[in-house]
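[1] Can you look at this prediction? I've put the sequence above it.
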Amino acid sequence: MTFEFVTSLLSFILLAGFIALGIRTFGLQRSYSYYAHLWGEKVKIHNVNLWSAVTVISAILLMISLIAKLEGNPWQFLGFLVPVYLIVVAFTPNYLEDNKQAVVHVVATILCAVGFLVYAIVGLHTWKPLVFSLLAFAVIGFASRSLKDGYILWLECTLFMSAYTIAILG
């Protein structure tokens, strides 16, 4: 087992477990970020919360593998930037109450998503994990009848699952 494998696996367990805990605690929400608001109400810490901490730790652990996967590739910088954008998202948990945080949160979320797509498709020349994850979460969404209300969460989970598939399975 490589160091990158172990850190990716730990990151996956932490993030997937936290998403599952959020769904169990608060029910299915419209997006992963909305759990920041809910955790912030449940566990009061000024400007950050449990959601922020888990997101930052997961991003840092995942960054190790994403950088290593593109060693020597001109797109390697995205292995650093994509998790950094996720960290920026994590430090804007009050995006629903603060307009400045909302702008930063949305821009960082978009840059993270687009950056990862470029990382996978252009940097790694792979699209199969994206399609597999999209189909898997579409089936989950349809089966649970939550696709209409939770489509942003399912799209986010698609990108997370694609990243972890690439990081863990190579």
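    Noted; the coordinates are in hand. Numbering: from 1, shown residues only.
[2] Now tell me what touches the lowest-mean-pLDDT helix or strand in the chain from outside.
    Using mean pLDDT, DSSP states H and E, helix 34-42 stands out as the lowest-scoring helix or strand of the chain, at a mean of 84. Contacts to helix 34-42, defined as C-beta atoms under 8 Å, 6 or more residues apart in numbering, come from residues 19, 22, 25-26, 29, 49-52, 90, 93-96, 153. In this view, the C-beta of every residue, glycine as well, is placed from N, C-alpha and C.
[3] List the buried residues of it.
    Tyr34, Tyr35, Ala36, His37, Leu38, Trp39, Gly40 (16 or more other C-beta atoms under 10 Å).
[4] Quick check: nearest residue in space to Leu96, chain neighbours excluded?
    Excluding its sequence neighbours, the residue lying closest to Leu96 (C-beta to C-beta, 6 or more residues apart in numbering) is His37, at 5.2 Å.
[5] Kindly reformat the buried residues of helix 34-42 as CSV containing distance to Ile60.
    Formatted as CSV, those follow (distance: C-beta to C-beta, whole Å):
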residue, distance to Ile60
Tyr34, 23
Tyr35, 19
Ala36, 18
His37, 23
Leu38, 23
Trp39, 19
Gly40, 21
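[6] Tell me the one among those nearest to Ala163.
    Tyr35 (18.2 Å; C-beta to C-beta).
[7] Who's the closest spatial neighbour of the closest one, skipping the chain neighbours?
    Tyr35 sits nearest to Gly22 (C-beta to C-beta, 6+ apart), 4.2 Å away.
[8] now Pro93
    Closest to Pro93 by C-beta to C-beta, 6+ apart is Ala36, at 3.7 Å.
[9] Check Trp75 too.
    Here the residue nearest Trp75, using C-beta to C-beta, 6+ apart, is Gly123, at 3.3 Å.
[10] Report the separation between that neighbour and Leu70.
    Distance from Gly123 to Leu70, counting by C-beta to C-beta, to the nearest Å: 5 Å.
[11] ok, those two, which is more surrounded?
    Gly123 (21 against 17; other C-beta atoms under 10 Å).
[12] What ranges does this protein have for its helices?
    3-26, 34-42, 50-69, 77-90, 99-118, 128-143, 147-164 (DSSP state H).
[13] if I look at the closest residue to Gln29 other than its chain neighbours, how far off is Leu81?
    Spatial nearest neighbour of Gln29, chain neighbours left out: Tyr35 (6.0 Å); criterion: C-beta to C-beta, 6+ apart. With distances taken as C-beta to C-beta, Tyr35 is found 24 Å from Leu81.
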